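Colleague: Predicted structure and sequence below. I'll ask about it afterward.
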Amino acid sequence: MPKPLITIQNLKFSHSNKIFLNDIEFSIHKFDRIILVGTNGCGKSSLLRILKGTDAPDQGDIWIAPNIKIDLLEQNPPIPKTNNLNDFISKGNQHPNLSKVSLILKQLGLTDVDLTKQLSGGEIRKIYLAQSILNEPDIMLLDE
């Protein structure tokens, strides 16, 4: 088995006196495909935000391999505030490959998206997914 990219030990997370995650332990390795299944409010999104580093656990050890890039596609991402889809998707990418941007947009069915009109929730998620794909993260976390 390859070396882990992330290792979690004794993780605990609570909010408003409710324990969501208690004594969680696991590792994520290269090429792993993992699906989290649970009822609403059980802590799935909290765990993903902890892995991304946007939330902190109450206790536990989190080890992330050096130079690992992690992207998180939130459950309800905000509407992109831009008129140029290529610029938005390339945001944070200093030297975007424009042919790759075009290919990703085509593969996700976003070539005809009009950012001046109201976008559906699915279109918004696809736009953020395209951005994440272009960023080439080592670990991509997709919340719902």
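Modeller: Nice, thanks for sending it over.
Colleague: make it CA atoms for all contacts and neighbour counts henceforth
Modeller: Will do.
Colleague: just checking, what packs against the lowest-mean-pLDDT helix or strand in the chain?
Modeller: For the chain, scoring each helix and strand by mean pLDDT, DSSP states H and E identifies helix 85-90 as the least confident one, at a mean of 86. When contacts are defined as 3 or more Cα pairs under 8 Å, 6 or more residues apart in numbering; DSSP states H and E, helix 85-90 packs onto helix 98-107, helix 121-135.
Colleague: how far is the first one from where the chain is centred?
Modeller: I take that to be helix 98-107. Distance of helix 98-107 from the chain centroid (Cα atoms, centre = their mean, to the nearest Å) equals 20 Å.
Colleague: Would you mind listing the buried residues in that helix?
Modeller: V101, I104, L105 (16 or more other Cα atoms under 10 Å).
Colleague: what's the answer for stretch 32-39, then?
Modeller: For stretch 32-39, a neighbour-count test (16+ other Cα under 10 Å) marks nothing as buried.
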